[in-house]
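Participant: Predicted model and sequence below, questions to follow.
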Amino acid sequence: MTTTAQAQASGGGKTAPDHLGHVIFITAAAAMGGFLFGYDSSVINGAVEAIRDRYSIGSGTLAQVIAVALIGCAIGAATAGRIADRIGRIRCMQIAAVLFTISAIGSALPFALWDLAFWRIIGGFAIGMASVIGPAYIAEVAPPAYRGRLGSFQQAAIVIGIAISQLVNWGILNAAGGNQRGKLLGIEAWQVMLGVMVIPAVLYGLLSFAIPESPRFLISVGRDSDAKKVLADVEGKDVDLDARVAEIEHAMRSEHKSTFKDLLGSKFGFLPIVWVGIGLSVFQQLVGINVAFYYSSTLWQSVGIDPSSSFLYSFTTSIINIIGTVIAMVLVDRVGRKPLALVGSIGMAIALAVEAWAFSAHLVDGKLPNTQGVVALIAAHVFVLFFALSWGVVVWVFLGEMFPNKIRAAALGVAAAAQWIANWAITASFPSLADWNLSGTYVIYAVFAALSIPFVLRYVKETKGKALEEMG
């Protein structure tokens, strides 16, 4: 590491770039992909019941239409890195923006159920790309002294995207007289909900033309002079640009390209540390968090809450998600990753158990009794709060830090794939499980939250304050 870079990384010397505002703009523009990630993931919440009614489908088919986007997510995440290495980070963002736009238009104007599912897959592919390219680009552009804080823009953008989608859905529903299939702008309200995503998708595409290519990519294709211009803009004029380029070139040459074979151990298939990463990813999803973002409106309507109120509760849940995420961002480097995970697991287990109790009550005139209804609403918000202030952030921090350098990239890929699979399993199974027994479904989620406690205590090691070279 160069002397200048060391000074920046340690907070000494001139730690602020000449144009910090410009750096923040670049980061925020790249994080628009995270906003669309959150928005597209959760906007379907407002359309679930309308799609069921429009196409007269059962819970099993409905679940597949909702969950099919996750197939696209997995493919997009698996291919984004290679695409970005070949054509650049900015071009990759622009492709994602185009796919988001196409998905929004197609989803708003479907001919039949099959093409609605197809447009959902296209949107999922864009989500997968955005989930990979945004954090990678921000890490490569951010000055060392600001990398952690700027890197948090991606997660903040995701939770804001989730909240905004629920607020927009609520506004559209009210404009349509509280009817998800009510006419608005010549089409049904739920179609407008899915189509509105065109606006942030186009904005994301336009912003991509206003930000520079990653210096790392520019150096990889021999455009050293362009890389120096970008480095001067984001790290300051006083940086030794020749030394920084040499440093990046050396780091790229010395990197080990991890492969799937590197992850294999003598017993149980993968190395133990890889299984721990998979466990963290899977537990994060098996507590049922995405039910809160994909199905919450349907859930509340199923226990007698009117559509407008159910959409409002979905929005307030998203606000709680933002608050919890901010708490996690403040505490993760202060109290550590493992304590936060344990506090979150305990809080989620209790909240989910309380929800299970509330949903066990017999409906009266299609509604939960008043006491159980209030308890269910409070417990749902408490569950999201404890998830957001712990597992929502901590798992990604763990996955970025816990693996040895030699296997980090490949291990992270396997853990992320496990997360998409678990996400799909929960998303695809919830409607059928809810039809079977809503209270029993929440008991299952509560059990997984409880099981995550001994898992963290026994197998997960704290990574706070450790250099990446110490892992393994």
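Facilitator: Right, received. Where do you want to start?
Participant: need the next SSE after the least confident helix or strand in the chain by mean pLDDT, C-terminal direction.
Facilitator: Sorting the helices and strands of the chain by mean pLDDT, DSSP states H and E puts helix 3-10 at the bottom, at a mean of 42. Once the chain leaves helix 3-10, the next helix or strand it forms, by DSSP states H and E, is helix 20-43.
Participant: buried stuff in that next one?
Facilitator: For helix 20-43, the neighbour count (16 or more other CB atoms under 10 Å) marks 23-24, 26-43 as buried. For the C-beta atoms, the positions are set from N, CA and C on the backbone; glycine is no exception.
Participant: Which stretches in the stretch 51-200 of the chain count as helices?
Facilitator: Counting by DSSP state H, counting those that start in this stretch, one finds helices in the stretch 51-200 of the chain at the ranges 59-67, 69-87, 89-108, 113-141, 147-175, 189-195, 198-208.
Participant: Deepest in the core, which of the ones you listed is it.
Facilitator: Each of these was scored by mean neighbour count; the highest is helix 189-195, a mean of 25, by mean count of other CB atoms under 10 Å.
Participant: With residue 320 as the reference, name the closest of the helices of the stretch 51-200 of the chain.
Facilitator: Closest to residue 320 of the helices of the stretch 51-200 of the chain, according to CB to CB: helix 147-175, at 9.4 Å.
Participant: Tell me where the stretch 251-400 of the chain has helices.
Facilitator: Using DSSP H, counting those that start in this stretch, the helices of the stretch 251-400 of the chain run over 272-286, 289-294, 296-302, 307-331, 337-359, 370-388, 391-401.
Participant: any idea how far the residue found closest to residue 315 once you drop the neighbours it is linked to in the chain is from residue 453?
Facilitator: Leaving aside its sequence neighbours, residue 315 sits nearest to residue 166 (CB to CB, 6 or more residues apart in numbering; 4.0 Å). Counting by CB to CB, to the nearest Å, the gap between residue 166 and residue 453 amounts to 30 Å.
Participant: who wins for proximity to residue 347 among the helices of the stretch 51-200 of the chain?
Facilitator: Among the helices of the stretch 51-200 of the chain, the nearest to residue 347 by CB to CB is helix 147-175 (17.7 Å).
Participant: What is that closest one packed up against?
Facilitator: Contact here means 3 or more CB pairs under 8 Å, 6 or more residues apart in numbering; DSSP states H and E; on that basis helix 147-175 packs against helix 20-43, helix 113-141, helix 189-195, helix 307-331, helix 391-401.
Participant: Of all the residues in stretch 364-371, which ones are buried?
Facilitator: residue 368.
Participant: Contacts only, for residue 324.
Facilitator: Applying CB atoms under 8 Å, 6 or more residues apart in numbering, we find residue 324 in contact with 384, 385, 386, 387, 388, 389, 392.
Participant: Among those, which one has the most neighbours?
Facilitator: Tallying neighbours with other CB atoms under 10 Å puts residue 387 at the head of these, with 28 neighbours.
Participant: quick one: pLDDT of the residue nearest to residue 442 when sequence neighbours are not counted?
Facilitator: The spatially closest residue to residue 442, leaving aside those adjacent along the chain, is residue 356, at 3.8 Å (CB to CB, 6+ apart). pLDDT for residue 356: 96.
Participant: if I look at residue 356, how far off is residue 379?
Facilitator: Residue 356 is 9 Å from residue 379, by CB to CB.
Participant: ok, now residue 112?
Facilitator: Counting by CB to CB, the gap from residue 112 to residue 379 is 39 Å.
Participant: Looking at the two now, which is surrounded by more residues?
Facilitator: residue 379 (21 against 9).
Participant: ok, now which ones touch the more buried one?
Facilitator: Counting by CB under 8 Å, 6+ apart, residue 379 makes contact with 351, 352, 354, 355, 358.
Participant: change it to 7 Å
Facilitator: Contact analysis of residue 379 by CB atoms under 7 Å, 6 or more residues apart in numbering lists 351, 354, 355, 358.
Participant: burial of the last one, as a residue count?
Facilitator: Okay, so that is residue 358. Neighbours around residue 358, by other CB under 10 Å: 24.
Participant: just checking, it touches residue 378?
Facilitator: No - counting by CB atoms under 7 Å, residue 358 stays clear of residue 378, with 9.1 Å between them.
Participant: any common contacting residues for those two?
Facilitator: Residues touching both residue 358 and residue 378 (CB under 7 Å, 6+ apart): there are none.
Participant: Of all the helices and strands packed on helix 147-175, which one comes closest to residue 67?
Facilitator: Nearest to residue 67 among those is helix 113-141 (9.0 Å), distances taken as CB to CB.
Participant: what's the spacing between residue 250 and residue 464?
Facilitator: Per CB to CB, residue 250 is found 28 Å from residue 464.
Participant: next one: residue 226
Facilitator: Here residue 226 is placed at a distance of 37 Å from residue 464 (CB to CB).
Participant: Can you pull out the low-pLDDT segments for the stretch 301-450 of the chain?
Facilitator: Low-confidence segments of the stretch 301-450 of the chain (pLDDT under 70): none present.
Participant: ok, the closest residue to residue 207 other than its chain neighbours - contacts?
Facilitator: Ranked by CB to CB, 6+ apart and with sequence neighbours excluded, the top spatial neighbour of residue 207 is residue 29, at 4.0 Å. Shown in contact with residue 29 (CB under 7 Å, 6+ apart): 207, 210, 211.
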